[in-house]
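S.K.: no FASTA, just this:
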């Protein structure tokens, strides 16, 4: 063991070390549950969707530095005590590797199931709202209680250090990943299913940009804060339009019962 490993890990403040530990423990526990469920579904139903999303979350973690660059998220000094990699001048802490599997797994798989099981359109809206509210609360805790990161520069709709537009954009990305999984996963057999990994992994960054680009561009310009906030509202409006579009293939109302195949099918 490296003689200074413990010192290297614990260079942050007490609350930062506690925050990193909490993320690691919760992330590992959630990942263990998702892995067990993914394997159970593979054995019982031959369904690989959750495995695909978990594998894609690894690629997603490697693309997150680009996402942070676009939205201005930066780690606070001392929070990245053990760096996994550095890109665009941004250090990615190793604890992020524990956060992405449950983040992509839960939201992405819930979206996949909405399509796979033919839920009503309101299911997608429920996933969006619950996930965005949970992300908002979690970010406030990590920013103010954990001291793990902050949002730099000018930001749209910023309230107590958190730009309220980004939690909605951030959770919409794995929803789009889940929708793509529903579109392709059950149509691919054998090793072909691996073709989804580049699309989904890099798709996280692409999905963020697809729904959040107005705010990302505006914060890098010289527009005033009122205009920047207005663009933040426009960004949220575009995101809601995207989720509405995603919901259209689903039935408008819940079905009375499980669907049954017609005779002769």
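M.R.: Cool, the structure landed. Note that this is a predicted model, so its numbers are computed, not measured.

S.K.: by mean pLDDT, flag the weakest helix or strand of this structure.
M.R.: helix 5-9 (a mean of 47; mean pLDDT, DSSP states H and E).

S.K.: next secondary structure element downstream of that one?
M.R.: helix 14-45 (DSSP states H and E).

S.K.: now do the contacts for residue 154.
M.R.: By C-beta atoms under 8 Å, 6 or more residues apart in numbering, the contact list for residue 154 reads 219, 225, 228. Glycine gets a C-beta too; all of them are placed from N, C-alpha and C.

S.K.: all the helices of the stretch 1-150 of the chain, residue numbers only.
M.R.: Ranges of helices in the stretch 1-150 of the chain, per DSSP state H, counting those that start in this stretch, are 5-9, 14-45, 49-71, 96-116, 122-140.

S.K.: let's have those helices in CSV, adding mean neighbour count.
M.R.: As requested, these are exported to CSV (neighbours: other C-beta atoms under 10 Å):
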stretch, mean neighbour count
helix 5-9, 11
helix 14-45, 15
helix 49-71, 22
helix 96-116, 23
helix 122-140, 17
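
S.K.: need the least confident one among the ones you listed, by mean pLDDT.
M.R.: Mean pLDDT is lowest for helix 5-9 among the helices of the stretch 1-150 of the chain, at a mean of 47.

S.K.: which stretches of the stretch 151-265 of the chain form strands?
M.R.: 158-159, 162-163 (DSSP state E, counting those that start in this stretch).

S.K.: quick check: residue 247 vs residue 112, distance?
M.R.: Distance from residue 247 to residue 112, counting by C-beta to C-beta, to the nearest Å: 14 Å.

S.K.: whoops, residue 156 was the one
M.R.: Where residue 112 is concerned, residue 156 sits at a distance of 30 Å (C-beta to C-beta).

S.K.: go on, residue 215?
M.R.: 27 Å.

S.K.: same thing with residue 159?
M.R.: From residue 159 to residue 112 the distance is 32 Å (C-beta to C-beta).

S.K.: next up, the contacts around the residue lying closest to residue 110 once chain neighbours are set aside.
M.R.: Sequence neighbours aside, residue 127 is the residue nearest to residue 110 in space, at 5.1 Å (criterion: C-beta to C-beta, 6 or more residues apart in numbering). Applying C-beta under 8 Å, 6+ apart to residue 127 gives the contacts 107, 110-111, 114, 175.

S.K.: ok, back up a step: check the strands of the stretch 151-265 of the chain for me and report the most buried one.
M.R.: Among these, ranked by average contacts under mean count of other C-beta atoms under 10 Å, first place goes to strand 162-163 (a mean of 22).

S.K.: direction included, what does it pair against?
M.R.: Partner strands and pairing direction for strand 162-163 (DSSP bridges) are strand 158-159 (antiparallel).
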